[in-house]
Each structure stands twice: as structure tokens, then as C-alpha cells.
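Asks: The sequence and its predicted three-dimensional model are supplied below.
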Amino acid sequence: IAAAERYTLYDSRWAHLFMLSFLAFVSDWVCFATAANPGAFSSATGRDPAEIIDLFLLCNVASCFLFTDIAKAFGLQRVMVAASVLMTAGCFLRSG
């Protein structure tokens, strides 16, 4: 491996991986718990619950394809913090 391609591995990477996995779990839980009651979701938002599930799954697939490139470009810590902020904001917006 060339000197420019050496990676520094930090012990905190496991904490970051756990945080990403936990936030993804919470995000999935909130999405499917919200859309699981179609009547309440439709009356609160005026939209079909299938739309939010489709959008959620589309965003999940797109982010999975782009994650490695984004993490390589900006660094894992910055990406994790940004993802945490976006997921927190999304939870607040969904909560009303």
C-alpha cells in the first residue's frame, strides 16, 4: 500500500458505526410506526401513507449507494454528525 493510501483506524469507529446503526433503526421505526396507522396518518397529513414509505425506502437505497463516496470525501466523523443532525430534524418534523 502506498503511503498516500494508508488509512488511520480509530477505536471510535465502532461507536460511530453503532450510532449510525441505532439512528437508522430509530428512523425506520418512526417511519413505519407513523405510516402503520393509515387513518391517523391521512388525517394528519392529507397524504397516502404509502407515499412516505416509498419515499423513505427510495432515500434509504440512494443513501446506501452514496454513503461510501460521501464518507471518503468528507470523513466519517463529519458524515456521522451531519446524518445525526438530519435524522434528528426529520424526527422533529414528523412529530408535528
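Replies: Noted; the coordinates are in hand.

Asks: Next, count neighbours for the closest residue to Arg13 other than its chain neighbours.
Replies: Closest residue to Arg13 apart from its sequence neighbours, by Cβ to Cβ, 6 or more residues apart in numbering: Leu76 at 6.8 Å. C-beta coordinates here come from the backbone N, C-alpha and C atoms, glycine included. Counted with other Cβ atoms under 10 Å, residues neighbouring Leu76 total 17.

Asks: Give the residue spans of this structure that score low on pLDDT.
Replies: Within the chain, the segments meeting pLDDT under 70 span 1-4, 34-35, 96.

Asks: State which helix of it is the longest.
Replies: In the chain, ranked by residue count with DSSP state H as the criterion, the top helix is helix 49-74.

Asks: can you pull the buried residues of that helix?
Replies: Within helix 49-74, the residues that qualify as buried by neighbour count (16 or more other Cβ atoms under 10 Å) are 49, 52, 56, 71.

Asks: Contact partners for the third one?
Replies: This means Phe56. 28, 31 (Cβ atoms under 8 Å, 6 or more residues apart in numbering).

Asks: State the distance from it to Phe74.
Replies: Phe56 is 23 Å from Phe74, where distance means Cβ to Cβ, to the nearest Å.
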